[in-house]
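Asks: the following block contains a protein sequence and its predicted model.
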Amino acid sequence: MDLAALNLIAEKHIRTALEEDLNHGDVSAAAVVPAGAQATVELIAKQEGVIAGLDVFERTFHLLDPAVRVERFVADGSRVEVGQLIACISGDAFVLLAAERTALNYLQRMSGIATYTRQIADLLEGSKTTLVDTRKTTPGMRIFEKDAVRLGGGVNHRYNLSESVMLKDNHIAAAGGIKAAVEAARKTASFTSMIEVETEDLEMVAEALEAGADIIMLDNMDHDAMAKAVAFIDGRAKTECSGNIDAHNVQAIADLGIDFVSSGALTHSAPILDVSMKHLRMLDDKADSEAGVAGNNAPVTDIHRESGQ
């Protein structure tokens with residue numbers, strides 16, 4: 001993930017997730033781990049897929065203790081096999097146990113989205129059509145889910161409502177028609193903004209083209225209707241198709257010459273990728289600690305531990 005996005009946007013969400021899970025500490029970890037004890041644990045893939053979110057995974061531990069070390073053996077966006085070692089995490093044993101579930105939740109969710117995105121993107125390989133996501137994201141998870149789409153080989157559509165103009169059915173109804181909606185948008189939007197219009201039939205496509213839309217969305221049209229629309233537009237505007245697009249039907253539109261296909265399924269229907277932290281080993285002696293933990297391994301502060309007792 002981009003460092004600025006991680007620091008300015010993602011981190012506050014990670015803090016909230018940790019607070020949700022640790023608002024009164026971790027009574028289980030506090031009961032079994034001596035203060036300052038060091039440990040190392042392996043991160044292992046339990047399914048084949050695409051890894052995404054290692055920066056977020058690592059930051060989750062660092063918010064509790066910056067001295068935790070995550071040694072990565074794969075990069076974000078890489079394919080992994082069942083049983084493959086992804087990383088080793090070393091540091092304060094209490095922190096490793098306390099942050100484990102939150103860190104895995106992010107990594108599993110993001111890797112699942114990246115895996116599903118890669119599956120669909122592969123089906124479009126060789127065509128001129130680019131796979132893009134939507135705003136159908138989990139509340140509070142957009143920064144993570146859209147990054148996962150990118151790591152899986154997809155492209156991000158607008159991040160939020162402030163980025164570009166998209167005139168959908170209710171906007172058109174509010175304005176009194178496509179022409180009026182586009183004219184109003186031209187008056188208020190920045191000259192740098194493109195205007196996209198959602199259409200449902202060929203008549204609406206003709207209206208959008210005449211009104212000067214930059215992008216025309218073909219929403220929930222069948223294959224024949226989309227073929228006619230693309231031929232009619234003939235490069236005078238960019239085209240995007242949308243509406244219940246997933247891994248089962250995306251290949252059927254690859255021959256249409258559409259510029260973009262948007263799929264909400266990338267973020268709202270992708271299953272998680274199963275990864276797990278296994279084989280935790282306590283580092284009892286100095287040699288183990290030096291081998292398993294890098295840098296200054298100051299123990300987690302007493303307040304973290306006391307809150308869990």
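Replies: On my side now, so go ahead.

Asks: show me where the chain has its helices.
Replies: For the chain, the helices identified by DSSP state H occupy 3-5, 11-22, 27-32, 54-64, 93-123, 142-151, 169-175, 178-188, 202-211, 223-233, 265-268, 286-292, 302-306, in order along the chain.

Asks: hey, least reliable of these by pLDDT?
Replies: Between the helices of the chain, the lowest average pLDDT goes to helix 302-306, which shows a mean of 41.

Asks: name the nearest residue to residue 5, ignoring sequence neighbours.
Replies: Distances taken as CB to CB, 6 or more residues apart in numbering place residue 143 nearest to residue 5, at 6.2 Å, with adjacent residues excluded. (Each C-beta comes from the backbone N, C-alpha and C, glycine too.)

Asks: thought that neighbour was touching residue 4?
Replies: No: the pair residue 143 and residue 4 does not pass the contact test of CB atoms under 8 Å, sitting 11.2 Å apart.

Asks: if you count surrounding residues, which of these two has more?
Replies: Residue environment comparison for residue 143 versus residue 4 gives the larger neighbour count to residue 143, 21 against 9, counting by other CB atoms under 10 Å.

Asks: got a list of what the more buried one touches?
Replies: With contacts defined as CB atoms under 8 Å, 6 or more residues apart in numbering, residue 143 is in contact with 1, 5, 9, 10, 13.

Asks: what about the nearest residue to residue 47 once chain neighbours are set aside, how many neighbours?
Replies: Nearest residue to residue 47, sequence neighbours excluded (CB to CB, 6+ apart): residue 274, at 4.6 Å. For residue 274, the count of nearby residues is 16 (other CB under 10 Å).

Asks: do you know the pLDDT at residue 274?
Replies: On the pLDDT scale, residue 274 gets 98.

Asks: residue contacts, it?
Replies: When the contact criterion is CB under 8 Å, 6+ apart, the partners of residue 274 are 45, 46, 47, 108.

Asks: if I look at it, how far off is residue 241?
Replies: Residue 274 sits 32 Å away from residue 241 when distances are taken as CB to CB, to the nearest Å.

Asks: same deal with residue 20?
Replies: As defined by CB to CB, residue 20 lies at a distance of 38 Å from residue 241.

Asks: same drill for these two, tell me which one is more crowded.
Replies: For residue 20 versus residue 241, neighbours defined as other CB under 10 Å are more numerous around residue 241 (25 against 9).
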